[in-house]
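Asks: no sequence on this one, just coordinates:
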């Protein structure tokens with residue numbers, strides 16, 4: 001018989017049902033919120049331990065299209081490889097729950113979260129993590145700690161915990177925090193840009209782009225609010241789930257112990273050799289020096305006489321190496337490469353080094369090097385993608401693609417498909433840069449970061465190089481953005497914050513986080529905490545130290561930006577506006593006029609039907625200018641139509657709303673409908689009837705009243721269909 005647990009949290013009702021489905025799993029739950037339903041399961045193979053000292057955990061977050069009453073897109077009508085959103089959500093669940101496993105847990109474990117029913121107003125990432133944690137907490141695995149996720153928005157200056165998805169459209173902050181009652185485990189944050197009308201004269205207003213970066217104090221306050229919410233949510237879950245927890249299995253936690261005598265031998269006999277190796281390790285993420293030293297030690301008299309295997313010797317060397325690195329930092333305030341705790345490694349910047357690319361930047365910081373290349377294209381050249389809750393496809397016009405080839409860390413391995421790490425780093429770069437791009441810039445932007453060398457935070461090198469690549473491509477940005485990777489070592493009650501960590505410090509430290517933004521604040525943050533929680537005053541100290549590092553890097557970037565010479569490959573573009581009512585004349589019947597202009601002048605043309613904005617781009621300046629004049633001539637000679645009133649559609653109409661419209665004018669591809677609460681919308685020929693309509697005039701006439709359904713609505717346009725379809 002199933003057991004149901006119901007909670008009221010953040011003005012939302014959550015229902016968790018246990019022992020109803022997937023009962024063969026070690027733990028399972030059906031979690032419901034609104035109309036959203038997810039199934040979370042956890043399975044662990046206690047009879048199949050791995051021999052290595054790590055927890056073999058796999059996390060899968062899977063969205064089923066039937067959950068939104070949709071068919072899978074494409075030729076094959078079956079869900080295929082995970083989308084980027086599914087992969088990134090899987091990473092969030094993994095990073096949040098992996099720290100719960102005790103040391104020595106070496107049993108293959110899979111956490112699966114399937115979305116069975118979707119709700120466009122419910123945050124599926126938060127529900128997915130909470131469901132996975134509930135399945136974990138109530139399972140028979142030897143872990144009893146609840147972890148939850150909360151999202152914090154900032155709307156009109158007020159912080160909102162776990163807002164509806166529709167509310168996020170008005171938010172200037174997207175902060176996602178995962179943790180237990182007492183510990184923060186993972187933080188992801190991005191600023192969301194907005195536009196604001198400001199008065200410049202008595203009756204004149206201008207539109208201003210706002211990046212909405214956050215100061216360190218504001219961000220700490222927001223994280224504090226999330227921490228309070230986590231305490232409430234996890235306390236509620238732990239008390240509510242107490243009666244449905246399975247009896248824990250008695251399993252062996254494997255101890256990978258190394259002889260203390262061996263460690264002592266390595267420390268007393270080879271300490272100086274290890275210190276020398278550490279200095280060399282500081283210059284590379286490869287462990288070659290350590291391996292060579294371990295081979296040498298494995299052949300000495302002590303190891304041979306005691307028949308000690310190489311694996312044990314290497315582990316002992318690694319333990320001593322870690323102690324050396326941490327001791328230098330905490331006791332001497334000196335790092336393995338001789339730097340102080342706040343010192344950023346030397347930086348060099350070169351821009352537009354690729355003559356055939358639209359823009360490029362080679363950003364080198366220490367032994368980390370990123371070549372970021374920018375490409376511009378028309379608005380229609382963006383990446384089409386599907387969102388589970390949306391009926392139609394969406395378009396992504398800003399992309400950051402991150403590639404990490406093996407040669408960047410001296411590994412002899414071929415390049416295969418993009419992995420979770422690459423998607424995660426690319427997403428972090430995108431979150432850091434996106435808020436700075438002017439929202440009125442309608443072109444498609446693709447940044448590709450090729451990591452050519454890596455020893456510490458290639459994702460932050462991607463942010464720095466990406467910001468300069470945007471600048472070099474002439475993309476309107478509010479400010480340059482720099483990113484810096486920070487670390488922390490805690491030992492004997494003391495803590496040290498490190499600026500610009502290298503691979504060695506990332507591996508042997510207790511926390512790493514990445515901070516990006518302009519001088520005025522933070523646009524993106526990613527943090528993973530290994531030591532089980534962090535106090536907010538220490539977090540603030542770390543963020544302020546990161547600000548110092550960011551400002552140092554930005555000064556160098558600003559100097560490099562002054563010397564940017566535009567790439568000869570950068571497309572030439574002219575932009576102007578015509579009467580929006582004459583756009584259809586420029587397009588012509590079935591697009592004949594605009595096709596003729598494109599072919600005659602060898603240009604590309606982008607038209608905005610609502611604003612009348614025209615963009616003409618091409619390789620030849622004269623052709624671009626001639627095409628512009630031709631379009632202006634067509635517009636000037638065309639009769640003006642009555643301008644429909646301006647209206648903010650999404651504040652007046654709602655999706656799925658049924659209303660009555662009047663046919664105002666008919667064109668080849670549909671009919672423009674006058675709407676009852678103001679504004680005008682297109683009823684496309686394909687949406688008029690269930691049957692194929694060859695000519696609009698066969699079905700509709702000017703003045704006809706038609707019952708309509710709103711398919712999609714945003715600020716400046718509305719999509720309609722006949723209500724009887």
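Replies: That came through fine. Bear in mind that the values here come from a model prediction, so they are computed numbers and not experimental data.
Asks: enumerate every residue touching residue 194.
Replies: Residue 194 makes contacts with 172, 210, 212, 439, as judged by C-beta atoms under 8 Å, 6 or more residues apart in numbering. In this view, the C-beta of every residue, glycine as well, is placed from N, C-alpha and C.
Asks: and residue 154, how many neighbours?
Replies: Around residue 154 there are 21 other residues, counting by other C-beta atoms under 10 Å.
Asks: for the stretch 501-650 of the chain, what spans make up the strands?
Replies: For the stretch 501-650 of the chain, the strands defined by DSSP state E, counting those that start in this stretch cover 511-517, 524-529, 572-577, 603-607, 613-618.
Asks: what's the angle between the last one and strand 603-607?
Replies: The reference is to strand 613-618. Comparing the axes of strand 613-618 and strand 603-607 via axes from the mean of the first three to the mean of the last three C-alpha atoms, to 10 degrees yields an angle of 170 degrees.
Asks: pairing partners for strand 613-618, with directions?
Replies: Here strand 613-618 has these sheet partners by DSSP bridges: strand 572-577 (antiparallel), strand 603-607 (antiparallel).
Asks: can you give the contact residues for the shortest one?
Replies: The list of residues contacting strand 603-607 from outside it, by C-beta under 8 Å, 6+ apart, reads 378-380, 442-443, 583, 586-587, 594, 597-598, 613-618, 623-624, 627, 631.
Asks: could you check the pLDDT of residue 152?
Replies: Note on residue 152: pLDDT of 96.
Asks: my error: substitute residue 11 in the last question.
Replies: Here, the pLDDT recorded for residue 11 equals 83.
Asks: same deal with residue 470?
Replies: 97.
Asks: next up, the contacts around it.
Replies: Going by C-beta under 8 Å, 6+ apart, residue 470 touches 359, 374, 433, 436, 437, 445, 447, 477.
Asks: how close does the closest residue to the fifth one other than its chain neighbours get to residue 92?
Replies: Among residues not flanking residue 437 along the chain, residue 477 sits closest, at 5.7 Å (C-beta to C-beta, 6 or more residues apart in numbering). Using C-beta to C-beta, to the nearest Å, we find residue 477 at a distance of 28 Å from residue 92.
Asks: now swap in residue 19 and tell me
Replies: For residue 19, the distance to residue 92 - C-beta to C-beta - is 27 Å.
Asks: and those two? Which one has more around it.
Replies: More crowded of residue 19 and residue 92, by other C-beta under 10 Å: residue 92, with 22 against 15.
Asks: now that one: which helix or strand?
Replies: In the assignment (DSSP states H and E), residue 92 maps to helix 84-97.
Asks: any idea of the angle that helix forms with strand 524-529?
Replies: Using the same axes, to 10 degrees: helix 84-97 against strand 524-529 is 40 degrees.
Asks: of all the residues in helix 84-97, which ones are buried?
Replies: Of the residues in helix 84-97, 85-97 count as buried by neighbour count, 16 or more other C-beta atoms under 10 Å.
Asks: after it, next one along is what?
Replies: Remark: after helix 84-97, the chain's next helix or strand is strand 109-117, criterion DSSP H and E.
Asks: so after that following strand, what's the next helix or strand?
Replies: Next helix or strand after strand 109-117 toward the C-terminus (DSSP H and E): helix 124-137.
Asks: hmm, who's touching the helix holding residue 92?
Replies: With contact meaning C-beta under 8 Å, 6+ apart, helix 84-97 is reached by 57, 59-63, 82, 111, 113, 124-125, 128-129, 132-133, 136, 147, 149, 176, 178-179, 185-186, 188, 385, 387, 420, 423-424, 427, 528.
Asks: which of the residues you listed are buried?
Replies: Buried members of those, counted by 16+ other C-beta under 10 Å: 57, 59-63, 82, 111, 113, 124-125, 128-129, 132-133, 136, 147, 149, 176, 178-179, 185-186, 188, 423-424, 427, 528.
Asks: mean neighbour count and distance to residue 413 for the strands paired with strand 613-618 - can I get that in JSON lines?
Replies: Below are the strands paired with strand 613-618 laid out as JSON lines (neighbours: other C-beta atoms under 10 Å; distance: least, C-beta to C-beta, whole Å):
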{"stretch": "strand 572-577", "mean neighbour count": "14", "distance to residue 413": "41"}
{"stretch": "strand 603-607", "mean neighbour count": "20", "distance to residue 413": "40"}
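Asks: to residue 243, which of the ones you listed lies closest?
Replies: Residue 243 sits nearest to strand 603-607 of all the strands paired with strand 613-618, at 61.0 Å, using C-beta to C-beta.
Asks: not counting its neighbours along the chain, what's nearest residue 215?
Replies: For residue 215, ignoring the flanking residues on the chain, the nearest one in space by C-beta to C-beta, 6+ apart is residue 521 at 5.1 Å.
Asks: for the protein, longest helix please?
Replies: Secondary structure assigned by DSSP state H gives helix 536-562 as the longest helix of the chain.
Asks: does anything pack onto it? Which helices or strands?
Replies: In terms of contacts (3 or more C-beta pairs under 8 Å, 6 or more residues apart in numbering; DSSP states H and E), helix 536-562 is packed against helix 216-240, strand 347-351, helix 458-472, strand 482-491, strand 494-499, strand 511-517.
Asks: need the residues that contact the first one.
Replies: So that's helix 216-240. Contacts of helix 216-240 (C-beta under 8 Å, 6+ apart): 5, 7, 9-10, 16, 130, 133-134, 137, 146-148, 150, 152, 154, 159, 161-162, 173, 175, 177-182, 184, 187, 189, 214, 521-522, 525, 536, 539-540, 543-544, 547.
Asks: and that helix, what's its mean pLDDT?
Replies: Helix 216-240 shows an average pLDDT of 95 in the prediction.
Asks: what does the fourth one give?
Replies: For strand 482-491, mean pLDDT is 92.
Asks: buried sites along that strand?
Replies: Buried residues in strand 482-491, defined by neighbour count with 16+ other C-beta under 10 Å: 482, 483, 484, 485, 486, 487, 488, 489, 490.
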